[in-house]
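# Give the three-dimensional model of this entry:
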Amino acid sequence: MPRRRAFVPENTQAMWEFCRHCGAPFPPEDSPVRGVCPDCAEARYEPCGNCGRQTPRGELAEAEGDPRRLCPTCASELTRVCDGCGRRLPRESGFIRDGRGRALCPDCAEGYAECADCGEWFPAGDMARRDGDLVCWRCSARRLDGAICSYGYKPRPRFHRAEGEAGNSLVLGIELEMDGGDRTAAVARIAEKWGEDWVYFKSDSSLDCGVELVTHPISPLVLMSEGGRAMWADVCAAAVAEGMRSHDTRTCGLHVHVNRDFFGEGETARALAEYKLLTVADRFFEPLAIFSRRRRDRLDQWAGRTCLPASRDGWLASARGAARVSRDTRYHAVNTTNEHTIEFRLFRGTLKPETLLATFQFVAGLCHLAKASTPGMLQRVNWYELADGVLDACPAESDELAAYLLARELMTEGRRGALCA
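Modelled structure (predicted):
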């Protein structure tokens, strides 16, 4: 005979439960916390000072100036943690939200001021006064086209890609340092034509009385187009007209950032991309030093050799070891410390458009070559094969690069072979 299922009436309650902490049996009606015996409830739980809900003692929060101990829900509604000092205070304590999106308590916000234009808060000493108003550098740049912003100024990037290029195609962000001359006049001349859509300007303590020109991300196809070439011709002509210098100084560099997502979205793809670029910089540091035009002492100071550790492990293990070494400082020829970009730091500044274009072509070609090559391929080639491969891989015209390599005897006439597999 099949066993009959026992009928359980609705709205019934078990006579005994077992405590989820100590395992002891107890009548449910004797405890204020479901599933917990009275002894454990008294030792481990406490009512929220606002809503009365029984809450584990370790989850209760206290705010300065408020004697109540609050459950997580009430703590979230009634209090706020300062992103500056970490203290929890009542929400009505007068928090501000700074330009980086952090909630700051009155003590941490001391010395901050509200921007008259955007309403965000910034350290008053890092703001500008325009037309009698105290404004942040971002709004200052809008009011005064061509304004020189603080070193930490980072506007929302405006990407310039050719029609049909994918959203993760290679883009270059260029930082060109200039010194001497009338920097205000030079900035005004450049900004008058290229404005904040293409370039902006920052101060830099490493310069004597100069300025750093920074571009928004630009694809190689746009950089090498007629418009891109015209922009760099205008930039250089305006700077030279106002007495600015770049190559013939001890202070100026030329840095080129490339977007990490060009090499792939996964962690493995990005780690291998770093490793391949670091391998090239390490293996060919001497010819790259010639290419860079920098004096060796300045190169060692600002963009030194990474000196990757020797490894017999696989490529991925070697890549992870290289990452640990390369991220101890940003002052390497290839800087991998940035979250979204990889930076080529080794080039000397210049106000010659042809040299600038040759540099951009080299970086673009090297990135495309590294993406298409295995680490083993880049570990076997010699410099001349690498130079040929970079020229062939450059996605835009590379006449300036070929001429530059020939002029510095980094390539021989007529040598344009393919990279050996």
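# hey, C-alpha coordinates of the helix or strand in which V258 is found in CSV?
Under the criterion of DSSP states H and E, V258 resides in strand 253-259. The C-alpha coordinates for strand 253-259 follow below in CSV (Å, rounded to 0.1, in the frame of the first residue of the first chain):
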residue,chain,number,x,y,z
GLY,A,253,59.5,65.8,-24.0
LEU,A,254,57.0,64.3,-26.4
HIS,A,255,54.7,61.6,-25.0
VAL,A,256,52.3,59.5,-27.0
HIS,A,257,49.4,57.5,-25.3
VAL,A,258,47.6,54.7,-27.0
ASN,A,259,44.3,53.1,-26.0
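# low-scoring stretches of the protein, by residue?
Within the chain, the stretches with pLDDT under 70 are 1-13, 137-138, 140-147, 312, 414-421.
# buried residues in the helix or strand just after the strand holding V258?
Using DSSP H and E, the next helix or strand after strand 253-259 towards the C-terminus is helix 267-283. By 16 or more other Cβ atoms under 10 Å, the buried positions in helix 267-283 come out as 270-283. In this view, the C-beta of every residue, glycine as well, is placed from N, C-alpha and C.
# Equivalent analysis for stretch 150-167, please.
So for stretch 150-167, counting by 16+ other Cβ under 10 Å, buried means 150, 153, 160-162, 165.
# how about the strands in the stretch 151-300 of the chain?
Assigned by DSSP state E, counting those that start in this stretch, the stretch 151-300 of the chain shows strands spanning 172-178, 199-202, 211-215, 253-259.
# got a markdown table for those strands, with distance to M244 and mean neighbour count too?
Output for the strands of the stretch 151-300 of the chain, formatted as a markdown table (distance: least, Cβ to Cβ, whole Å; neighbours: other Cβ atoms under 10 Å):
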| stretch | distance to M244 | mean neighbour count |
| --- | --- | --- |
| strand 172-178 | 4 | 23 |
| strand 199-202 | 12 | 22 |
| strand 211-215 | 8 | 23 |
| strand 253-259 | 14 | 22 |
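# Distance to L405 for those - can I get that in a markdown table?
Output for the strands of the stretch 151-300 of the chain, formatted as a markdown table (distance: least, Cβ to Cβ, whole Å):
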| stretch | distance to L405 |
| --- | --- |
| strand 172-178 | 19 |
| strand 199-202 | 28 |
| strand 211-215 | 24 |
| strand 253-259 | 17 |
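# right, and those - which one's nearest A188?
Closest to A188 of the strands of the stretch 151-300 of the chain is strand 199-202 (Cβ to Cβ; 9.9 Å).
# Let me know how buried L410 is, in neighbour terms.
17 (other Cβ atoms under 10 Å).
# Kindly apply the preceding question to V135 instead.
23.
# got the contact list for it?
Shown in contact with V135 (Cβ atoms under 8 Å, 6 or more residues apart in numbering): 115-118, 127-129, 143.
# give me that answer again for 6 Å
115-117, 128 (Cβ atoms under 6 Å, 6 or more residues apart in numbering).
# if we can go back for a sec, for the buried residues of helix 267-283, give me CSV that also has distance to E397.
CSV is the format used below for the buried residues of helix 267-283 (distance: Cβ to Cβ, whole Å):
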residue, distance to E397
R270, 29
A271, 32
L272, 29
A273, 25
E274, 28
Y275, 29
K276, 24
L277, 23
L278, 28
T279, 27
V280, 22
A281, 25
D282, 29
R283, 27
